[in-house]
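Colleague: No sequence on hand, only this structure:
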Ligand SMILES: O=C(O)C1=C[C@@H](OP(=O)(O)O)[C@@H](O)[C@H](O)C1
Ligand SMILES: C=C(OP(=O)(O)O)C(=O)O
């Protein structure tokens, strides 16, 4: 894949899968369903939408972490029996933190196979609610799932978060969306959230934002492009966003990419300033940007130290190991430290040809490595179809920027 030397164009992004999957659940819990505009049609949103609308006894949740966690809480809190299963990888992604919290609120969530992991048998019932503690340092999705059923429980929910809070912007997104659907949610101090019992409703249609995580790959393409007049328009992105990944625009200033906004959305251009000699970042609030930022730093030959990556091991694949393996093919020797950091001191070894990148069933591996074609046109990405998890049109939108 050879990029054209001029990088100019307009890219229509998918809509946010995180917002989509939350509003699908909130709308399903509302007195009357809300009209949702700009719903994502990615795999993860499709399985969530099917679970919420069809509510079959056997639910195939595929590889969608949010849909797995959100639908477990959804079905635990109302009468009915459901068996929720997914891909082999889904059955390796832990869920006991959520299942334990639900069960201590009076729910009946059982493991159909291995303790602590999907598949689950959810024997749903009306829940009284009340107080529960939950570790906040494994996945914020468990917290979002519990919060969203808070209003429909008789006593509401008093959720005490223990340990450090990771992926915090996703909790804030959940709270904002619940409030937009009429719920009363308040922080009590730094570690407790109270959700008042009540009913969800939304006046008029709800429009879902475009996806900032997907935009990150266009930032990476901009950063790796040699075209000093490069310009990419990303309609549908606005400075005030519910998505924590909107910070990508600040992070990429470091790589010389400027973001301005017009009436339609964001416009990316080059700032013509030097990239720092080394890159250091804590991504505990933006885990989904890790691959984009790590690959960008590596391709720009900037030694790096990324911290706050403790959730990456339990995502679509072990992303720490996957990054180390694939960057080694470029001769870049990355160290994984304490299961939560990626370091590159600048040391290199021979490149491995042919340059074939494995994607490990992980959409973000494919999308983060695709821009490497700017530097290595001969690169081959295995299983490019994995992008459909969050960004089904990724390759199609790339086409106008590459030579036939
Ligand atoms: O709530 C959400 O929509 C998400 C939360 C994050 O997961 P963790 O909280 O497990 O880090 C993120 O990685 C995922 O892609 C989407
Ligand atoms: C981690 C991700 O998704 P999930 O956990 O919802 O499967 C992701 O999209 O990068």
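Modeller: Sure, I can see it. The model shown is predicted, which means the values in this text are computed figures rather than measured ones. Ligands and ions are numbered 1, 2, ... in the order given.
Colleague: host element of residue 103?
Modeller: helix 96-104 (DSSP states H and E).
Colleague: Mean confidence (pLDDT) on that helix, please.
Modeller: The pLDDT scores in helix 96-104 average 98.
Colleague: what helices or strands is it leaning on?
Modeller: helix 65-76, strand 108-111, strand 130-135, helix 140-149 (3 or more C-beta pairs under 8 Å, 6 or more residues apart in numbering; DSSP states H and E). Glycine gets a C-beta too; all of them are placed from N, C-alpha and C.
Colleague: looking at the ones you listed, which is closest to residue 368?
Modeller: Closest approach to residue 368 among the helices and strands packed on helix 96-104 (C-beta to C-beta): helix 65-76, 17.8 Å.
Colleague: Buried residues, the next helix or strand after that closest one. List them.
Modeller: For helix 65-76, the following helix or strand on the C-terminal side (DSSP H and E) is strand 80-85. Using 16 or more other C-beta atoms under 10 Å as the burial criterion, the residues of strand 80-85 that qualify are 82, 83, 84, 85.
Colleague: Close to ligand 2: what parts of this protein are there?
Modeller: Residues of the chain found near ligand 2 (C-beta under 6 Å from any ligand atom) are 64, 65, 66, 288, 315, 316, 364, 390.
Colleague: One more pass at 8 Å, please.
Modeller: 17-18, 21, 44, 63-69, 93, 139, 141, 213, 287-288, 311, 315-316, 362-364, 389-390 (C-beta under 8 Å from any ligand atom).
Colleague: Can you give me the first-to-last residue distance of stretch 105-125?
Modeller: 11 Å (C-alpha to C-alpha, to the nearest Å).
Colleague: Buried ones in that stretch, by neighbour count?
Modeller: Quick answer for stretch 105-125 (16+ other C-beta under 10 Å): 105, 107, 109, 117, 118, 119, 120, 122, 124.
Colleague: Now do the fourth one against residue 49, distance only.
Modeller: With the distance defined as C-beta to C-beta, to the nearest Å, residue 117 ends up 24 Å from residue 49.
Colleague: now the helices and strands packed on helix 96-104 as a markdown table including mean pLDDT?
Modeller: As requested, these are exported to a markdown table (pLDDT from 0 to 100):
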| stretch | mean pLDDT |
| --- | --- |
| helix 65-76 | 98 |
| strand 108-111 | 98 |
| strand 130-135 | 98 |
| helix 140-149 | 98 |
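Colleague: Go ahead and confirm residue 285 touches residue 246.
Modeller: No - using C-beta atoms under 8 Å, residue 285 makes no contact with residue 246, being 11.3 Å away.
Colleague: Neighbour count for these two, which is higher?
Modeller: residue 246 (21 against 18; other C-beta atoms under 10 Å).
Colleague: Contact partners for the most centrally placed residue in the chain?
Modeller: Nearest residue to the geometric centre of the chain (C-alpha atoms, centre = their mean): residue 288, 5.2 Å. By C-beta atoms under 8 Å, 6 or more residues apart in numbering, the contact set of residue 288 is 213, 216, 245, 364.
Colleague: Over to residue 201?
Modeller: Residue 201 neighbours (C-beta under 8 Å, 6+ apart): 30, 31, 32, 181, 182.
Colleague: and the first one, how many neighbours?
Modeller: Each residue near residue 30 was counted by other C-beta under 10 Å, and the total is 16.
Colleague: Okay, and residue 122 sits in which element?
Modeller: strand 120-124.
Colleague: Report the distance from that strand to the chain centre.
Modeller: From the chain centre to the centre of strand 120-124 is a distance of 25 Å (C-alpha atoms, centre = their mean, to the nearest Å).
Colleague: quick one: which of the helices and strands packed on helix 96-104 is nearest residue 345?
Modeller: Closest approach to residue 345 among those is made by helix 140-149 (31.3 Å; C-beta to C-beta).
Colleague: now for the next helix or strand after that closest one, which elements pack on it?
Modeller: Where DSSP H and E defines the elements, the next helix or strand beyond helix 140-149 is strand 157-162. With contacts taken as 3+ C-beta pairs under 8 Å, 6+ apart, strand 157-162 sits against strand 130-135, helix 140-149, strand 192-195.
Colleague: rerun at 6 Å
Modeller: In this structure, strand 157-162 packs against strand 130-135, strand 192-195, with contacts taken as 3 or more C-beta pairs under 6 Å, 6 or more residues apart in numbering; DSSP states H and E.
Colleague: Helices of this protein, start to end?
Modeller: Along the chain, the stretches classed as helices by DSSP state H are 17-29, 43-54, 65-76, 96-104, 140-149, 168-180, 212-224, 248-251, 290-299, 319-328, 363-369, 394-398.
Colleague: May I see the ones you listed organised as a markdown table, with distance to residue 384 and mean neighbour count added?
Modeller: Below are the helices of the chain laid out as a markdown table (distance: least, C-beta to C-beta, whole Å; neighbours: other C-beta atoms under 10 Å):
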| stretch | distance to residue 384 | mean neighbour count |
| --- | --- | --- |
| helix 17-29 | 19 | 25 |
| helix 43-54 | 14 | 20 |
| helix 65-76 | 21 | 27 |
| helix 96-104 | 32 | 20 |
| helix 140-149 | 26 | 26 |
| helix 168-180 | 27 | 20 |
| helix 212-224 | 13 | 26 |
| helix 248-251 | 22 | 19 |
| helix 290-299 | 15 | 25 |
| helix 319-328 | 14 | 21 |
| helix 363-369 | 6 | 28 |
| helix 394-398 | 6 | 17 |
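Colleague: Just put the ones you listed in TSV and tack on distance to residue 129.
Modeller: Output for the helices of the chain, formatted as TSV (distance: least, C-beta to C-beta, whole Å):
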stretch	distance to residue 129
helix 17-29	14
helix 43-54	21
helix 65-76	12
helix 96-104	11
helix 140-149	8
helix 168-180	15
helix 212-224	32
helix 248-251	37
helix 290-299	35
helix 319-328	35
helix 363-369	35
helix 394-398	41
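Colleague: just for the stretch 101-250 of the chain, where's the confidence low?
Modeller: Nowhere does the stretch 101-250 of the chain drop to pLDDT under 70.
Colleague: Mind splitting this structure into its structural domains?
Modeller: Residue ranges for the domains of the chain, per automatic domain parsing: 8-14+209-401, 17-207.
Colleague: distance of the closest residue to ligand 2 within the stretch 151-300 of the chain from ligand 1?
Modeller: Proximity to ligand 2, evaluated over the stretch 151-300 of the chain using C-beta to the nearest ligand atom, is greatest for residue 288 at 4.4 Å. Computed as C-beta to the nearest ligand atom, to the nearest Å, the residue 288 to ligand 1 distance reads 5 Å.
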